[in-house]
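Undergrad: please work out how this folds:
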Amino acid sequence: MDVTVGQGTIGYRDGAEAALLRFFSAHDVDEYELFPRDAPWALRYHLTPRRKTLLSWLDCGTDGRILELGAGCGALTAHLVTLPQAITAVEGSPERAAVIAARCRRATNLEIVAANAVGLPYQGDFAIVTLIGVLEYAAAFVPGPRPHERLLAEARRYLTDDGCLILAIENRMGHKYLAGLPEDHTGRPYHGINGYPGPGGARTFDRPTLQALLARAGFPVTRWYYPSPDYKTPDSIVAEAALSLGGFQSLPLLELPSADPGGRSRPAFSERAFVRSALAAGTAGPIMNSFLVLAAPSPNAPLLAANARTLAVAVNADACPPRFQTMTRFVATDTGVAVERRNLHGLPPSVFASGRQHVKARETYHLGYVSFLEAILDAVEDGDPTGAARTLTAWMEFLASRSRPASPGGPEGFAAFCRERLGRTIYPEAAAGRWLPGNLLDAHPGNVLRHPATGDIRVIDLEWQLACDIPLALLLDRGVNLVGQKLAPLRPYLDLPEGGGLPAAMDALLSRHPLSRLSDVAGLEAFTQWLFAAVTNGNLDHRQGGAQP
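TA: Okay, here's the model as predicted:
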């Protein structure tokens, strides 16, 4: 694929360009296949399919042309070329434009231009213009006294009157920066919060400043969304409308605490507690880590209308192969909120002897309900480990109420599954105990909801299901283990035991409960390893090393 060289190319690079060019020149790559997690961040950043989550949920229609300004090394271009529109990708660095050409060489709807994003020969030609991770660098490549405003004004010039700008950028007042993590561009803690003192360079904005910039550039209409953990590698997008919708639980959709890609720092305070407080106060939007903004000259922009009802999106795109990758969309309806799920690529369900991935296409969202998991975490944060233990045991007792004595063939079916898939016996005492159907494998505390006022309980999102019955003890262990996993990142902030474990008072109360005596820690570990390997490999009939055929 050819690259057209225009005016004002720039020399921006991050050091990954040569490796990426070699990689894409040598390989035809499914953009959603797994990439090595141990790759350096500078390379993994360009390859992870999480990059595409920023845009893959948007309904961009079928009409008009799309202009991508500052296309980088093509991570989002690779998504855009799957749309029916003609795509023009403009990248200031010729080296990076060459990577795009190699990466997207099969695309038939793509034009690549190596040129500065300002001064392009377009006038009202595009229905959509994107500025993803570009505005912050305007001072480096846009001449004039107000480079950021000029870049936005140029984007407006390229748009039709009913077009829409898609803008993504970090929030200089984001909770990760408030908690002391290094500024992504400069590596200096609190650099943006302090107003970027010193010589010019990359610069991000808080929400009021960004909104004013957009308005002055000809974008008076804005819709605000918040990618988590940030716009670079999001696995969820939450709309401003969701944050203010009573009974909608945004907190479970956020990836907290924020990670430092360099691994050198951790947040100075609990971001979960901070964001939870901001959500309760109705002030969470201005302190989210990143902004995704749909900005338009007119409220009649088709892109705004097409996406107006989407409250949030969660995408699983990097922990499993395409056959298991899913998109969950939360949509406002005339009567409430609906949850829509689908395979991210429209692939049909796979059939396995051991079980299945169950993706329920549509169900009602239960406004006002809170998962047992979130209620437990809230109680621990609030200094109430006894209340947390009582909530966890209430979940255990609910599952016990759904259990039954072993049915004919039930223990034998589970034993055969363990022998064939795990290569060992687990939960050896289970035959005389209580059992659950295998379709409840995912009824852990995060997927069981309770209404705080009525006590009504609902079970949701039973994605991973086994074909055989399972011991009640296995699911109880899974739930307690999940609580421990979710508490682990909070330990530095909540004075929890070193080396793992639940808060002492919580653990003491839990250990006295009769259902806790069924535990098989080694058995849970063996099962968890199998399930992780099965999902990662896209095969629920996966056999562990010692499994017998």
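Undergrad: and the most centrally placed residue in the chain, how close does it get to D541?
TA: Nearest to the geometric centre of the chain sits D235, at 1.1 Å (CA atoms, centre = their mean). Relative to D541, D235 is positioned 27 Å away (CB to CB, to the nearest Å). The C-beta positions use only the backbone N, C-alpha and C, and glycine is treated the same way.
Undergrad: the residue nearest to the centre of the chain contacts A319, correct?
TA: No: D235 is beyond contact range of A319, at 9.2 Å (criterion: CB atoms under 8 Å).
Undergrad: could you find the closest non-adjacent residue to E240?
TA: W224 (4.2 Å; CB to CB, 6 or more residues apart in numbering).
Undergrad: mind listing what that neighbour touches?
TA: Contact partners of W224, counting by CB atoms under 8 Å, 6 or more residues apart in numbering, are R207, A239, E240, G285, F291, L292, V293.
Undergrad: rerun that using 7 Å as the cut-off
TA: E240, G285, F291, V293 (CB atoms under 7 Å, 6 or more residues apart in numbering).
Undergrad: tell me the secondary structure for it?
TA: Recorded secondary structure, W224: strand (DSSP: H, G, I helix; E, B strand; the rest coil).
Undergrad: so which helix or strand takes in E33?
TA: Assessed by DSSP states H and E, E33 sits outside every helix and strand.
Undergrad: oops, could you answer that again for T386 instead?
TA: Here T386 sits within helix 385-402, counting by DSSP H and E.
Undergrad: what packs against that helix?
TA: Helices and strands touching helix 385-402, by 3 or more CB pairs under 7 Å, 6 or more residues apart in numbering; DSSP states H and E, are helix 372-381, strand 434-436, helix 472-487, helix 504-511.
Undergrad: quick one: strands adjacent to whichever helix or strand comes after that helix?
TA: Downstream of helix 385-402, the first helix or strand assigned by DSSP H and E is strand 404-405. Sheet pairing here is set by DSSP bridges, and for strand 404-405 it gives strand 434-436 (antiparallel).
Undergrad: next one, pLDDT for the residue of the chain positioned farthest from its centre please.
TA: Distance from the C-alpha centroid of the chain peaks at P408, with 42.2 Å (CA atoms, centre = their mean). Here, the pLDDT recorded for P408 equals 93.
Undergrad: for the longest strand anywhere in the chain, which strands pair with it and how are they oriented?
TA: The single longest strand within the chain, with elements called by DSSP state E, is strand 159-170. Pairing partners of strand 159-170, with direction, according to DSSP bridges: strand 126-132 (parallel), strand 290-296 (antiparallel).
Undergrad: run the chain-centre distance for the last one.
TA: Going back to what we said before, that points to strand 290-296. Relative to its chain's centre, strand 290-296 lies at 17 Å (CA atoms, centre = their mean, to the nearest Å).
Undergrad: and the average pLDDT for it is what?
TA: On average, strand 290-296 scores 98.
Undergrad: and after it, which helix or strand comes next?
TA: Next helix or strand after strand 290-296 toward the C-terminus (DSSP H and E): helix 302-306.
Undergrad: doesn't P492 make contact with F269?
TA: No: judged on CB atoms under 7 Å, F269 makes no contact with P492 at a distance of 9.4 Å.
Undergrad: show me what counts as buried in stretch 90-98.
TA: Going by neighbour count (16 or more other CB atoms under 10 Å), the buried part of stretch 90-98 is V90, E91, G92, S93, E95, R96, A97, A98.
Undergrad: ends of that stretch, how far apart?
TA: End-to-end distance of stretch 90-98 (CA to CA, to the nearest Å): 11 Å.
Undergrad: ok, residues contacting it?
TA: With contacts defined as CB under 7 Å, 6+ apart, stretch 90-98 is touched by 3, 5, 9-13, 17, 21, 67-73, 100, 112-117, 120, 141.
Undergrad: buried ones among those residues?
TA: 3, 9-10, 12, 17, 21, 67-73, 100, 112-117, 120, 141.
Undergrad: distance of R424 from A353?
TA: 19 Å.
Undergrad: again with G368
TA: For G368, the distance to A353 (CB to CB) stands at 40 Å.
Undergrad: more crowded one of the two?
TA: G368 (14 against 11; other CB atoms under 10 Å).
Undergrad: my guess is that one meets H451, correct?
TA: Yes: between G368 and H451 a contact is recorded at 5.9 Å, counting by CB under 7 Å.
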